[in-house]
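>>> quick check, what structure comes out for this input:
(chains A and B)
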Amino acid sequence: MVTTDVSLEQLERTARKLRRHIVKMLAIAGSGHPGGSLSAIDILTALFFGNVMRYNPRNPRWEDRDRFILSKGHAVPALYAVLAEAGFIPEEWLWQLRKIDTPMQGHPSVKDIPALEASTGSLGQGLSIGLGINLTAILDYNRYQLDGAIGEIMSIEPVVAKWEAFGWAVREIDGHDMKQILDALHWAKEPRQQPSIIVAHTVKGKGVSFMENNNEFHGKAPTQAELEQALAELAD
Amino acid sequence: MARPLGEATREAYGKALAELGRENPNIVVLDGDLSKSTMTKYFAQEFPDRFFNVGIAEANMVGIAAGLAASGKIAFASSFACFVMCKAFDQMRLAVAYSGNNVKIVGSHGGISIGEDGVSQMGHEDIGLALSLPGFVVMVPADGAETRAAVRAAAEHFGPVYIRVGRPKAPIVYENGCPDFQIGKAITLRDGRDVTLIANGLMVAAALDAADLLQQQGISARVLDMHTVRPLDEEAVEKAARETGAIVVAEEHLLYTGLASQVAMAAAKRHPVPMRFIGLYDYAESGAPDALMRKYHLTADDIAREALELVNMRQGAVV
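Sure, this is the predicted structure:
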């Protein structure tokens, strides 16, 4: 199913709603990864609702679908929120995140939810799996890892030059600017002789003031009070 | 007594893959820069568009194979048994086993019979690693004919499969092909009453030779080719335990994890009998293959000796 053209405002409104879902499902679950979910959600929103990917929620295994693999599996709350919004899974499932006897595993499990495409969570595997499928890569470059700022642990710069050195076509964007994201995704679809990567500069915890660039929220769920403040900040 | 040597099981694997490639355009093959050794070269020569040599990058290879399988292909991925199982284990765990992807891993140069190259190139623990992954079918064929049957069965089975093949020419066990091959069904190569010898891979021929040796001493040994380690043919194990009262398991692998452990578990659950185990307790070394098999006690003589002790023990005789 190809979505009809939507306005940037609509996409931003959707992303805001999905941010609310992310913080709420994490607060209910009592554990999980808000920071990396919030940094990725604008990209996922553009992919699924910006007329970029072809999919059919009634037939998640549709042969001609486009496939999205979340290599950073810990950001699965963002993907669950998108799958619920797209109609792949019921919205009620979001509130069962990480609970026993549900399909809502703490990291993506394709056996539990076929629309997830790949079981991930051991970092780095998505790139290889994607290569077997036909890959466009998107880097959610929020500059943090579990133990702290990447640059203070083991610098990976110069990221763009490295991808270029390996023969990739690289485009840098602001990963929270809906227009830039959409433009880049359409750029990535253009036929070329090399694989494409979008390096999206993002903010970990984006959208919730006290989570932004606050690595405490890499893998800590919000408390009830924090949830209320987050929801207030994310209100329409 | 030595059986005539046939083709190496890796050679049979390569030939079987090319045959399958002709029949099924959906089969794709990946290798990690060892196609001349794993023998995927035959497929590569015939079907270059369906062959992907990813270089010395086994983890990437298995991830890519998972992606190809997720796209509807039957993906065979090969390297040496030790490299593909050890280096790509994480990918096999998450992208193949947990995801249930239709990936066939074929590890060549299994066991110590590769000889001179030494421990770093030998598969000592590949079968144990494969067995530790839920959902993986694990097979160790005995000779060329059985390898062809196993590769064909693997392609027809939907889901993860590991097949171990070997480097040296393998003694011929199946002179007229292996038409009755079925995943999970042991093949009774020889019936017997006093003891059962259960083996796979090169140890099957050794077990047959051991049965000949035992025969000379008036002992009737049953020989089971347990080509599939999982799903294990527990019925065959139980029947062997009930009807012969003693079991020797022989494998070219560390005994901590492998056929011996699986058979022991099945026997313990269904009908415990005295057992002995022929296999490795430590890493081997460089040397001529035959000399290594002798030094590490993986010969017909070793199997026969253990079987004899079991039989004597049961008869209350002083050994």
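>>> name the residues of stretch B:136-143 that come out as buried.
B:136-143 (16 or more other Cβ atoms under 10 Å in any protein chain shown). C-beta coordinates here come from the backbone N, C-alpha and C atoms, glycine included.
>>> hmm, I typed the wrong one, I wanted stretch A:68-75.
Residues A:68-75 are the ones in stretch A:68-75 that count as buried (16+ other Cβ under 10 Å).
>>> could you measure from the spatially most central residue of chain B over to B:Asn102?
When chain B is reduced to its mean C-alpha position, the closest residue under Cα atoms, centre = their mean turns out to be B:Val140, at 1.6 Å. Distance from B:Val140 to B:Asn102, counting by Cβ to Cβ, to the nearest Å: 21 Å.
>>> likewise A:Phe49?
Taken as Cβ to Cβ, the spacing of A:Phe49 relative to B:Asn102 amounts to 32 Å.
>>> between these two, who's got more neighbours?
Under the criterion of other Cβ atoms under 10 Å in any protein chain shown, the comparison of A:Phe49 against B:Asn102 puts B:Asn102 first, with 22 against 19.
>>> apart from its neighbours in sequence, what residue is nearest the more buried one?
The shortest distance from B:Asn102 to any residue that is not its chain neighbour, by Cβ to Cβ, 6 or more residues apart in numbering or on different chains, is 4.3 Å, and that residue is B:Ala69.
>>> let me know the helix or strand that the one you found is in.
B:Ala69 belongs to helix B:58-70 when assigned by DSSP states H and E.
>>> partners of the helix or strand following that helix in the sheet?
From helix B:58-70 onward toward the C-terminus, using DSSP H and E, the following helix or strand is strand B:74-80. Based on DSSP bridges, the strands next to strand B:74-80 in the sheet, each with its direction, are strand B:27-31 (parallel), strand B:103-108 (parallel).
>>> show the subsequent helix or strand relative to strand B:74-80.
Heading C-terminal from strand B:74-80, the first helix or strand you meet, by DSSP H and E, is helix B:81-87.
>>> for A:Lys72, what are phi and psi?
Summarising the backbone geometry of A:Lys72 under the convention degrees, to the nearest 10, its torsions are phi -80, psi 80.
>>> the residue lying farthest from the centre of chain A and A:Gly167, how far apart?
The centre of chain A is farthest from one residue, A:Gln193, which by Cα atoms, centre = their mean lies 26.7 Å away. Taking Cβ to Cβ as the measure, A:Gln193 falls 9 Å from A:Gly167.
>>> B:Tyr42 too?
Summarising the geometry, the distance separating B:Tyr42 from A:Gly167, computed by Cβ to Cβ, is 30 Å.
>>> more neighbours, the two?
Neighbours were tallied for B:Tyr42 and for A:Gly167 using other Cβ under 10 Å; the higher tally belongs to B:Tyr42 (19 against 9).
>>> which residues does B:Pro289 contact?
Counting by Cβ atoms under 8 Å, 6 or more residues apart in numbering or on different chains, B:Pro289 touches B:112-115, B:167-168.
>>> report pLDDT for it.
pLDDT, the model's per-residue confidence, is 97 for B:Pro289.
>>> quick one, strands of the chain?
By default, I'm working from chain A. When assigned using DSSP state E, the strands of chain A occupy the ranges A:136-141, A:144-145, A:148-149, A:169-174, A:196-201.
>>> that answer is for a different chain, and I need it for chain B
Residue ranges of the strands in chain B, as given by DSSP E, are B:5-8, B:27-31, B:51-53, B:74-80, B:103-108, B:137-139, B:161-164, B:169-171, B:187-190, B:195-199, B:221-225, B:228-230, B:247-254, B:275-280.
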